[in-house]
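[1] just the structure for this:
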Amino acid sequence: MNENFTDIVDEVIENGYAKIENFISKQEAFELEKQTTKAFKKAKKDFYHIETEFTKVLSINEESSQKIKYFQYLNKFFVNKNIINFVQNYFNSDEIEISKIFLAESSNSGEEVNVLPYKMHFDKTRYLKFMIYLRDVENRDGGVTFAKKEWNTKLQEELLSKQSLKEENVVEINDMSVVEEITGPAGTVAIFDTNITHKAGQVLGEKKRLVLRIDTRLKTNV
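    Model prediction:
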């Protein structure tokens, strides 16, 4: 893993997201792809967050990464000092946690949809997420998309403070030049705050997207 990524904390604070193409090496991504494919085959139903014809998602906590053999390869992410340091610096607090890791494989369903989470939105519950591409993601391969800096405004902060808001809040953006889709080779990561305007990537091509997502946050009991 790239150990020199902690110097982009300020970029994420400023813009809400950042992209690093060499977060892990191509070889590391290849090994993680093999281990993740094995995990999908061996995982019990309890670990499936989503399981459909076109999307399957496994949800793993730290305890499971310690105790279950086919998830043990993920434990290094729960205890990674560079990730922990980054999150502590981002939230300016030692009271943080890596809550879960999600493994997700997505394929083309045959139609383009315009519903959440594929609409531009922001989340009221705040996480800092690391989305690592385990396969190359090009156009139409389901890259996660973010609104650029000008959309991260005081107005949004005011909206987030209102208790009446839904958990996910749709933001209408007509000018697509103000958004950026994150593409890149296997090993690329998008680090992002879920309070910024974003949308999930929908696979519209022939390839299957495979990602490892690390969800981090401030501890909820402090």
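[2] what about the longest helix in the chain?
    For the chain, the helix reaching the highest residue count under DSSP state H is reported as helix 26-42.
[3] name the residues of it that come out as buried.
    The neighbour-count criterion (16 or more other C-beta atoms under 10 Å) identifies 28-29, 32-33, 35-36, 39-40 as the buried residues of helix 26-42. To be clear about C-beta, it is placed using only N, CA and C from the backbone, and glycine gets the same treatment.
[4] and which of those is nearest to residue 70?
    residue 39 (5.0 Å; C-beta to C-beta).
[5] identify the residues contacting the longest helix of the chain?
    Helix 26-42 is contacted by residues 1, 24, 56, 58, 70-71, 73, 103, 105, 132-135, 185-187, 210, 212 when judged by C-beta atoms under 8 Å, 6 or more residues apart in numbering.
[6] which other helices and strands contact the next helix or strand after it?
    Taking DSSP states H and E as the definition, the helix or strand that follows helix 26-42 towards the C-terminus is strand 48-51. Contacts of strand 48-51 with other secondary structure elements, assessed using 3 or more C-beta pairs under 8 Å, 6 or more residues apart in numbering; DSSP states H and E, are made with strand 55-60.
[7] do that again at 10 Å, thanks
    Where contact means 3 or more C-beta pairs under 10 Å, 6 or more residues apart in numbering; DSSP states H and E, strand 48-51 is packed against strand 55-60, strand 96-106.
[8] hmm, back to that, tell me the angle the longest helix of the chain makes with strand 96-106.
    Taking axes from the mean of the first three to the mean of the last three C-alpha atoms, to 10 degrees, one finds that helix 26-42 is oriented at 80 degrees with respect to strand 96-106.
[9] my guess is residue 136 meets residue 211, correct?
    No - counting by C-beta atoms under 10 Å, residue 136 stays clear of residue 211, with 11.8 Å between them.
[10] higher neighbour count, these two?
    Using other C-beta atoms under 10 Å, the more surrounded residue of residue 136 and residue 211 is residue 211, with 23 against 16.
[11] tell me the strands beside the host helix or strand of that one, with direction?
    Assigned by DSSP H and E, residue 211 falls within strand 209-218. Applying DSSP bridges to the sheet, strand 209-218 is found paired with strand 96-106 (antiparallel), strand 128-133 (antiparallel).
[12] picking up where we left off before, columns distance to residue 143 and pLDDT on top of the buried residues of helix 26-42, output as CSV?
    Supplementary listing: the buried residues of helix 26-42 in CSV, determined by distance: C-beta to C-beta, whole Å; pLDDT from 0 to 100:
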residue, distance to residue 143, pLDDT
28, 20, 97
29, 15, 98
32, 18, 98
33, 17, 98
35, 23, 98
36, 19, 98
39, 23, 98
40, 21, 98
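[13] output those in TSV; the columns should cover distance to residue 50.
    Listed next are the buried residues of helix 26-42 as TSV, based on distance: C-beta to C-beta, whole Å:
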residue	distance to residue 50
28	25
29	22
32	20
33	19
35	20
36	15
39	15
40	12
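[14] nearest to residue 52 among these?
    Ranking the buried residues of helix 26-42 by separation from residue 52, with C-beta to C-beta as the measure, puts residue 40 on top at 13.2 Å.
[15] measure that closest one to residue 219 for me?
    Relative to residue 219, residue 40 is positioned 30 Å away (criterion: C-beta to C-beta, to the nearest Å).
[16] buried among the contacts of helix 26-42? Need that as a selection in PyMOL.
    One line in PyMOL is enough to select the buried ones among the contacts of helix 26-42; burial here means 16+ other C-beta under 10 Å:
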select buried, resi 1+24+56+58+70+71+73+103+105+132+133+134+135+186+187+210+212
